[in-house]
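Asks: compute the structure for the input listed below.
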Amino acid sequence: MELVGDNFSNGAKAPAPIKTRMDIVKERFKEDETVIYLFDAYQMKGPEYSNRLLALVSSKSGGTFAIIAFSYLRTPLTSVNELSISKVFAIDEFFQLRQDSKSPISSQQFDLVTGEEGPIKYFYYPAESANYGEFFAHVASCKTLVSSSQPDTVLNFRWLNDYRQIGEVKQELKKRESEYIVYKPVMYAPAPWDTPRLCVYQFFSFRIYCATWNVNNKQCYDSNHPLRGWLARGDQPADIYAIGLQELDTPAKAVLNSTQLQATVAQWIEHMVASVHPGVEYEVLQSHRLLGIMLTVIVRKSLLQNILRHRYKSVARGVFFNTLGNKGGVAISLQLNEANICFVNSHLAAHMQNVEERNQDYQGIVENMRFDDGRTISDHDHIFWLGDLNYRIQEPPGQQHPGPLSDAPTYELLLQYDQLRQEMSRGKCFEGYTEGDIKFRPTYKYDPGTDRYDSSEKQRQPAYCDRVLWKGARIEQLAYDSVMEIRQSDHKPVYSIFRVKVKTRDEVKYKRVQEEVLKAVDKRENDNQPQINVEKTVIDFGRIRFNEPSTSYFNVYNTCPLQVDFSFREKDIHAICEPYLHVDPRRDSLLIDSGRSIRLKMHADVRTIAGLLRKIRASDNFDILILHVENGRDIFITVTGDYQPSCFGLSMETMCRTDRALNDYTQGQIKQLMNDDSPDYRVTMPREFFLLIDYLYKQGPHQEGSFPSFEARHLLNVHFNAVRDWLDTWSQDPFPGNAETAAQALMLLLDLPEHALLEPFVEDLLTSTNKQRAMDYIDLLSPPKRNVFMHLCMFLRVGIESGYYDLNEVAATFGRILLRSTECTAWIDYHSRCSQFMRMFIDSNEDTQGGNGHDSGAGPGTRATGLPA
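Replies: From the prediction side, this is the model:
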């Protein structure tokens, strides 16, 4: 019902009218800019999708149009602060809105194309089909108005600089940040569910509550054991909670019963939310788990409007070549006002002597933790690192405890021998981090249910395993303590409370600085800016094949009255291009009115095919080159083409998902198969692998000594490409080579995929002391990997028994291929371990498989090779 008048009949002030989504979006633009239409879309990245709101906008001062793509965290929108610009598309003469007629879902997807970069793909839901028609019509009308402009009309898109804020504009604003960033109170109205206080809250700072607990694989919550004694300390409610748990469940249990683990996690989160400070309503912002390591960030609900983004990431460490994640770290990144905050929960290597392993775990987490926006841990204003860091107290030999462990002076004496403090002082870990004074007993190891330290036979030395550290300015620690009365685990929970002053933007000052920066940048850009013209910004190689180089050329010209220096800029891969590309020249100078031809060579060979396939899985392009003009603008050059799929470089799982020869697949089709993580396969063993095994077996004595050495495996025979075509087409013609070329092709099938055949169990297999133990891990492999391995071993064993192959050579070569590992190669005895592992399966003098319940595992769908069972 519509209310008329300014007040209710009872005298209360009438509420402000509810803002529509259009009203909120309009607040993002200036007065002379009009939002014409809003359209809901989304983008996909692997299996995940992100909502996008496309705003068609016109500028009265510029006389032009653009589409601004926004990302947002939640619906419905309640504040303009919830909108973040993800992309800006100027509707100029190069702009296109087009549909992919080749796609099976073309009716629900479209591309936005500009002259600056290739197509950006968007999708929409079937329910938005009618709205898409209206959106398309509005965009087409704007495009028509642009096209009907006079030929000599210069289109003005400078108004978009306010929304792009890239390059020089962003850098200048960053330099002048001190002119508009303040640390004054943050004002926001209380939510109805908060405990009544003043009409407006004033926060000079935010309270952040960090808590960590190794729960020792136990459900440490019930009506008799509430968590509030751990999570509701302090006299005031916190604004943000970061709660880290370790050892939620063992890795073995997680593999065998993931449903139970998910239920356990949900119960933990429910109990944590119920155990924080009463009187304030909280909401889970993000929770992320890496097996037994979980980090949950809970925020005051009325603070959500101030959180502009949040992302999560994890880094696995520990067993199975740092893939299983029984150790490692989980991090959550968020932006609160203008401050970037990162929370990290980690569980580092255990045991007194493994100090260096703990340091390596820390370094591995720091180096590999990169969020989706490219941000690293160090790219934050405030960092809080908590968890079971596992550093111990290493007293000198023979030293007794200097006093009772409940005595404060004893803590200081113990902490002299604290490994964490010692390693930090040496610069080995947590450089730049701070830890508050420890005034509590060592938190590990207790007899569960007691306050008594380990009374078992091991009698582990008490230690401060559980810690909270921080890094950044304007952070004040208010409390740091353990909770002795919680006794379910062999660790005591720890908490720390902080007061943090965060960056806040003064909008009036920011607007003034922004206008000054934009004017200055525009003036500099127009004052004799060096620039060059590029003949084409999309380099299409056409059809690309494995082991066949291809070359393309494009020209650059100097069209300004100055000498221009240019170079191709390095990217985040620390190179100007992907390894399968080569640019010549990488840098040069152009005199006035001169040009230069740039040669671009592409070669997907044995050393680079894994990188190309990895790129194809993640992108529609082969690469994007950045042509940097000294003192000028960067030019982005897209490198694309159509890769003809080949069996070389593909995983066994991908090949087992095919139903026809790889030569009949397109790049897009093989990309879908590579990104398919389901356990469904069309065959149990790749046909290409079988064809090579079958051919070699039928060669009899001619296969003698056919396998090259490990070092020579990549030196391709002149007939290799003919063998490639024979395999990729499932040709019925005779094999186009001999035993040597077939043997080399077989080795490359196993060697070229990104991950070794026996991943993720390489380290475990290298340390297996007997065949039965090794088979336990082999059985955990995917069916294609397991079948290929068992069939290969059976083939090699027959060849060795027939005298065609030397046992030691074959064991050494195939061991290093099947068990290749960047980390394990550092082991002194890595080569001998590889050989020993292979001998267990191919040496007839070793114990046979009979009686252990295992067979080749080839299963149905594979043809007989004539090999004995």
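
Asks: distance check, Ala55 against Leu83.
Replies: 9 Å (C-beta to C-beta, to the nearest Å). Bear in mind the C-beta positions are built from the backbone N, C-alpha and C, glycine included.

Asks: overlap of the contact sets of these two?
Replies: Listed contacts common to Ala55 and Leu83 are Val25, Phe70; contacts here mean C-beta atoms under 8 Å, 6 or more residues apart in numbering.

Asks: what bits of the stretch 251-400 of the chain have low per-residue confidence?
Replies: 251-258, 319-325, 397-400 (pLDDT under 70).

Asks: just the helices in it please.
Replies: Remark: helices assigned in the stretch 251-400 of the chain by DSSP state H, counting those that start in this stretch are 251-256, 258-275, 319-322, 355-368.

Asks: which stretch among those helices comes nearest Leu304?
Replies: helix 258-275 (14.6 Å; C-beta to C-beta).

Asks: mind giving me the packing neighbours of that closest one?
Replies: Judged by 3 or more C-beta pairs under 8 Å, 6 or more residues apart in numbering; DSSP states H and E, helix 258-275 is in contact with helix 228-231, strand 240-246, helix 251-256, strand 282-290, strand 293-300.

Asks: pipe the ones you listed into JSON lines and attach mean neighbour count per row.
Replies: Formatted as JSON lines, the helices and strands packed on helix 258-275 follow (neighbours: other C-beta atoms under 10 Å):
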{"stretch": "helix 228-231", "mean neighbour count": "18"}
{"stretch": "strand 240-246", "mean neighbour count": "27"}
{"stretch": "helix 251-256", "mean neighbour count": "14"}
{"stretch": "strand 282-290", "mean neighbour count": "19"}
{"stretch": "strand 293-300", "mean neighbour count": "24"}
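
Asks: these: which one's closest to Val556?
Replies: Of all the helices and strands packed on helix 258-275, strand 282-290 comes closest under C-beta to C-beta, at 45.8 Å.

Asks: quick one: work out the angle between the closest one and strand 240-246.
Replies: 30 degrees (axes from the mean of the first three to the mean of the last three C-alpha atoms, to 10 degrees).

Asks: which other helices and strands contact strand 282-290?
Replies: helix 258-275, strand 293-300, strand 307-317, strand 327-336.

Asks: now do the SS call for the residue nearest to His138 when sequence neighbours are not counted.
Replies: Closest residue to His138 apart from its sequence neighbours, by C-beta to C-beta, 6 or more residues apart in numbering: Tyr37 at 4.7 Å. When classified by DSSP: H, G, I helix; E, B strand; the rest coil, Tyr37 comes out as strand.

Asks: if I look at Tyr37, how far off is Phe94?
Replies: Distance of Tyr37 to Phe94, given as C-beta to C-beta: 21 Å.

Asks: looking at these two, which one has more neighbours?
Replies: A direct count of neighbours by other C-beta atoms under 10 Å for Tyr37 and Phe94 places Tyr37 higher, at 17 against 10.

Asks: quick one: the helices in the stretch 551-700 of the chain?
Replies: Using DSSP H, counting those that start in this stretch, the helices of the stretch 551-700 of the chain run over 609-618, 652-655, 667-674, 687-698.

Asks: most tightly surrounded among these?
Replies: With neighbours taken as mean count of other C-beta atoms under 10 Å, the helices of the stretch 551-700 of the chain reach their highest mean count in helix 652-655, at a mean of 23.

Asks: what sits against Cys220?
Replies: Trp213, Leu227, Ile486, Gln488, Ser489.

Asks: read off the pLDDT value for it.
Replies: For Cys220, the pLDDT comes out at 74.

Asks: same deal with Gln669?
Replies: For Gln669, the pLDDT comes out at 93.
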